[in-house]
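# heads up, no residue letters with this:
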């Protein structure tokens, strides 16, 4: 079997924590797009969901910051944040150690990985799951890309990470879904929080939808920092998803620059 679903979406905590503050029409378009993705994911009938995310010093810090890490456990707890603030109840999310192990073994044929048998989910995973698998009935394999602290993995290695997911999935019997989740331009926890570079976002999404590998890898971290903020490093999650799509193009179902959510909110699906 191979990958049966591949998409991307935003995970800003404000999407759940401050949902009522957004302009109603923009918020409704975003929520409708999450609902559309939720149904598309169900229709694909996956056995497991790989979530490529960028966590926020919840599990990894300066003393241990792997470039790529994959969860290998039978369950995960989240959110690690205050559930009353995030407005997502703390819950136990199912995993599958067996499927994770086999996926990791397949991926390690071409990329180097760390693995984690314990993992606390923060908003980077819990916000997407809240919208896409609200019953938490689909086993999840978390995958983290360091998007926090340089040195960061070069973008060609990030695309190769996605390709490794696809190649490993092709040798497995399970139906595997993949979601990359992050912001595009955003400046979290700075005086510029709420700033969104819409032009830069739309150009990146154009490249992502075309699955134009050369154009996606043409970004430098210095330019991304200037144009997309320190949160812009999370384009890596979208690039990995593009790599997992096997060259297939994508379609952007939603892009809404919502300052109250502190990011350009995106939902997109690869046309496998």
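Alright, I've got the coordinates. From a predicted model like this one, the values you see are computed outputs, not experimental measurements. Residues are numbered from 1 along each chain as shown.
# going forward, measure contacts and count neighbours with C-alpha atoms only.
OK.
# Would you indicate which residues of the helix of greatest length in the chain are buried?
Counting by DSSP state H, the longest helix found in the chain is helix 24-44. Neighbour counts using 16 or more other CA atoms under 10 Å place 26-27, 30-31, 33-34, 37-38, 41 of helix 24-44 among the buried residues.
# With stretch 172-192 instead?
Buried, per 16+ other CA under 10 Å, within stretch 172-192: 172, 174-188.
# Residue 83: neighbouring residues, count only.
Other residues within reach of residue 83, judged by other CA atoms under 10 Å, total 15.
# didn't it look like it was pressed against residue 77?
No: Residue 83 lies out of contact with residue 77 (CA atoms under 8 Å); the separation is 11.8 Å.
# Residue 178 belongs to a strand?
Yes: remark: residue 178 belongs to a strand, assigned using DSSP: H, G, I helix; E, B strand; the rest coil.
# Quick check: it vs residue 240, distance?
From residue 178 over to residue 240 the distance is 10 Å, taken as CA to CA, to the nearest Å.
# Give the residues shared as contacts by those two.
Listed as contacting both residue 178 and residue 240 by CA atoms under 8 Å, 6 or more residues apart in numbering are residue 52.
# Spell out the residue ranges of the strands in the stretch 101-250 of the chain.
Residue ranges of the strands in the stretch 101-250 of the chain, as given by DSSP state E, counting those that start in this stretch, are 114-116, 140-145, 176-181, 250-258.
# which stretch among the ones you listed comes nearest residue 233?
Closest approach to residue 233 among the strands of the stretch 101-250 of the chain (CA to CA): strand 140-145, 9.9 Å.
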